[in-house]
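Colleague: return atomic coordinates for the entry below.
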Amino acid sequence: MLFVPVIRRSAFAPSLRAFDRFFGDSTQTESSAAESPAYEFTFDVPGVSREQLSIGIEGNVIRIETLPEAKRQYKAAYELPQDIDVSKSEAKLENGVLTLKLAKVLPESKAVKLAIN
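Modeller: Down below sits the predicted model:
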């Protein structure tokens, strides 16, 4: 007699949906995601006010954490493929949902125009 384990996709569906939500629309192709000028993330942080939340950006690393006096503690760090332009980025906390719109640093063209003699 042979026993074959059966894994139902529904057992993994909640974690996959969370992964898709974190990285945006799963129908988006890699090339269109690479061409997008910004990353957009949403995080559920119920019971945390703006004053209790700290967001730090260093290069391509984002650190999100609550201050020690917050009722709920949250601490996470994420590394993105590209550096973040802090001056063009924004964060919004509304109804317990933190939305980050992080602008990518656009690479500077190193092309040099050569004069024709």
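
Colleague: could you list the low-confidence segments of this protein?
Modeller: Scanning the chain with the threshold set as pLDDT under 70 gives 1-34.

Colleague: repeat that for 90
Modeller: Residue ranges of the chain with pLDDT under 90: 1-37, 71-72, 106-115, 117.

Colleague: ok, longest strand in it?
Modeller: strand 84-94 (DSSP state E).

Colleague: could you list the buried residues of that strand?
Modeller: By neighbour count on 16 or more other Cβ atoms under 10 Å, the buried set for strand 84-94 is 84, 89, 93. Where you see a C-beta, it was placed from the backbone N, CA and C, and this is true even at glycine.

Colleague: also stretch 67-74?
Modeller: 70, 74.

Colleague: again with stretch 93-109
Modeller: For stretch 93-109, the neighbour count (16+ other Cβ under 10 Å) marks 93, 98, 100, 102, 103, 104 as buried.

Colleague: quick one, phi psi at residue 50?
Modeller: Backbone geometry at residue 50, expressed as degrees, to the nearest 10, gives phi -60, psi -40.

Colleague: residues contacting the closest residue to it other than its chain neighbours?
Modeller: Closest residue in space to residue 50, ignoring its immediate chain neighbours: residue 93 at 5.3 Å, by Cβ to Cβ, 6 or more residues apart in numbering. Listed by Cβ atoms under 8 Å, 6 or more residues apart in numbering, the contact set of residue 93 reads 45, 48, 49, 50, 53, 99.
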